[in-house]
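K.L.:
this one's structure only:
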């Protein structure tokens, strides 16, 4: 798994200087490659904060190119015409304190095609400083091939340690 | 790099390149010692003492290889990455649970202006860190090094996958030996505009770093991404 530059830029913004109002950071790329500015604290307009309407999403795909911190979108999404082509909301989140690990996952029920999963991407949908919601790739995994056919349930269970 | 090897840098000029090099070697050491670790984030705090207005390193130490991000950090990440709404109880510096929203609420942790951000405190305690730590083990007696210090502007270094948070402290009265450092989030508790301090990571510093009145204590707090 690789944490993208988006992840680092966003988290650097969370450790902002507490005595100033320099509350925006720039440099994150949304899934179109557009450079975005986000507001990390509410000095000018609380409603524009990056986490005001945050959504956490996962998407599976066919791409097998090793992940790189500069990645900003999934490499090769499915094009079956089913839900497996799309980003789905994260569920099953939680914290396992004794093992110091964070849990998150998703279930995808492919409705049309078949396929072979090689990549799993994690996205955050965040508000930019113009109060427009944008989608950012935060983590990308390349995995051994997992095949599926329509009607089966694809379960993604991820855990990361801190 | 073993921590004791840091002593070779005493007398050298402190540069950003040197600190980057030390933290990169630390990351490699981590990978060798914990090859199966999938730790999302890891701290590496380099503490160096210089004479005021000079660049020569007088004393230097850094985090130990098994230092910890704390439960507060884990909970924050779990809420942020796990897509969980609602508020959660974080442990503030006085060991009191404080409810806090991370996402999707009008009183989120970052809702108010100015004081939201991060601080760091140094200390002389050597008790090994545990996940449930919520404060420094043993603070210094003299000011200003006995209190939480504002961080400088944090930055992310593309290519190194590292967040760097700089802190500088100039002791005015006391002397001592720095054996620990704690990074805090300064966050808004639920339902108020009150800022509270939440310990996020605690690092033991080795070798301990001595300082005297008037010197400049530099902390280069690195958060290394997996």
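P.N.:
Noted; the coordinates are in hand. Owing to the predicted nature of the structure, the values given are computational and were not obtained by experimental measurement. Numbering: from 1, shown residues only, chains lettered A, B, ... in the order given.

K.L.:
Tell me which residues touch the residue nearest in space to the middle of chain B, please.
P.N.:
Using C-alpha atoms, centre = their mean, the residue of chain B that lies closest to the mean C-alpha position is residue B:183, 3.4 Å off. Applying C-beta atoms under 8 Å, 6 or more residues apart in numbering or on different chains to residue B:183 gives the contacts A:15, B:43, B:45, B:118-120, B:165, B:199-202, B:221. For glycine as for every other residue, the C-beta is placed from the backbone atoms N, C-alpha and C.

K.L.:
Quick check: residue A:7 is in a strand.
P.N.:
No. Looking at residue A:7 with DSSP: H, G, I helix; E, B strand; the rest coil, it is helix, so not inside a strand.

K.L.:
and the closest residue to it other than its chain neighbours, helix, strand or coil?
P.N.:
In this structure, residue A:7 finds its nearest non-sequential neighbour in residue A:138, 4.8 Å apart by C-beta to C-beta, 6 or more residues apart in numbering or on different chains. Following three-state DSSP, we place residue A:138 in the strand state.

K.L.:
for residue A:138, what are its contacts?
P.N.:
Taking C-beta under 8 Å, 6+ apart, one finds A:3-4, A:6-7, A:10, A:122-124, B:81 in contact with residue A:138.

K.L.:
Next secondary structure element downstream of the top strand by length along chain B?
P.N.:
For chain B, the strand reaching the highest residue count under DSSP state E is reported as strand B:195-211. Next along the chain after strand B:195-211, taking DSSP states H and E as the criterion, comes strand B:216-225.

K.L.:
That following strand near chain A at all?
P.N.:
Yes. Strand B:216-225 is in contact with chain A by C-beta under 8 Å from any C-beta of the partner chain, via B:223, B:225.

K.L.:
rewinding a little: pLDDT wise, what is the residue nearest to residue A:7 at?
P.N.:
Residue A:138 is assigned a predicted lDDT (pLDDT) of 97.

K.L.:
For it, give its distance to residue A:62.
P.N.:
Distance, residue A:138 to residue A:62, by C-beta to C-beta, to the nearest Å: 20 Å.

K.L.:
Next, the contact list for whatever residue of chain A ends up closest to chain B, please.
P.N.:
Ranked by C-beta to the nearest C-beta, the top residue of chain A for proximity to chain B is residue A:93, at 2.1 Å. Residue A:93 sits next to A:56, A:102-105, B:78-79, B:81-84 when contact means C-beta under 8 Å, 6+ apart.

K.L.:
So what's the residue count around residue 94?
P.N.:
You didn't pick a chain, so chain A it is. Using other C-beta atoms under 10 Å in any protein chain shown, residue A:94 is surrounded by 15 other residues.

K.L.:
That was the other one, I meant chain B.
P.N.:
Here the number of neighbours of residue B:94 (other C-beta under 10 Å) works out to 10.

K.L.:
Spell out the secondary structure type for it.
P.N.:
Under three-state DSSP, the three-state class of residue B:94 is coil.

K.L.:
Per-residue pLDDT of it, please?
P.N.:
pLDDT recorded at residue B:94 is 96.

K.L.:
likewise residue A:99?
P.N.:
With respect to pLDDT, residue A:99 has a value of 87.

K.L.:
now swap in residue A:19 and tell me
P.N.:
Per-residue pLDDT puts residue A:19 at 68.

K.L.:
Report the contact partners of the most centrally placed residue in chain A.
P.N.:
Geometric centre of chain A, nearest residue: residue A:123, 1.3 Å, by C-alpha atoms, centre = their mean. Residue A:123 makes contact with A:31, A:56-59, A:87, A:135-138, according to C-beta under 8 Å, 6+ apart.

K.L.:
what's the most distant pair in these?
P.N.:
The span of the contacts of residue A:123, defined through C-beta to C-beta, is set by A:31 and A:56 at 14.5 Å.

K.L.:
Tabulate the contacts of residue A:93 in a markdown table, adding columns for secondary structure and neighbour count.
P.N.:
A markdown table is the format used below for the contacts of residue A:93 (DSSP: H, G, I helix; E, B strand; the rest coil; neighbours: other C-beta atoms under 10 Å in any protein chain shown):
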| residue | secondary structure | neighbour count |
| --- | --- | --- |
| A:56 | strand | 22 |
| A:102 | strand | 23 |
| A:103 | strand | 17 |
| A:104 | strand | 23 |
| A:105 | strand | 16 |
| B:78 | helix | 24 |
| B:79 | helix | 25 |
| B:81 | helix | 22 |
| B:82 | helix | 20 |
| B:83 | coil | 22 |
| B:84 | coil | 21 |
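
K.L.:
What is the burial count for residue A:81?
P.N.:
Neighbour count for residue A:81, taken as other C-beta under 10 Å: 10.

K.L.:
Kindly state the pLDDT recorded for the closest residue to residue B:71 other than its chain neighbours?
P.N.:
In space, and not counting its chain neighbours, residue B:71 is closest to residue B:131: 4.9 Å by C-beta to C-beta, 6+ apart. With respect to pLDDT, residue B:131 scores 94.

K.L.:
What does residue B:131 show for phi and psi?
P.N.:
phi -60, psi -30 (degrees, to the nearest 10).

K.L.:
Cross-check the contact I'm expecting between it and residue B:73.
P.N.:
No. Checked against C-beta atoms under 8 Å, the pair residue B:131 and residue B:73 is beyond contact range at 9.2 Å.

K.L.:
ok, these two, which is more surrounded?
P.N.:
With neighbours defined as other C-beta under 10 Å, residue B:131 and residue B:73 compare such that residue B:73 has more, 24 against 16.
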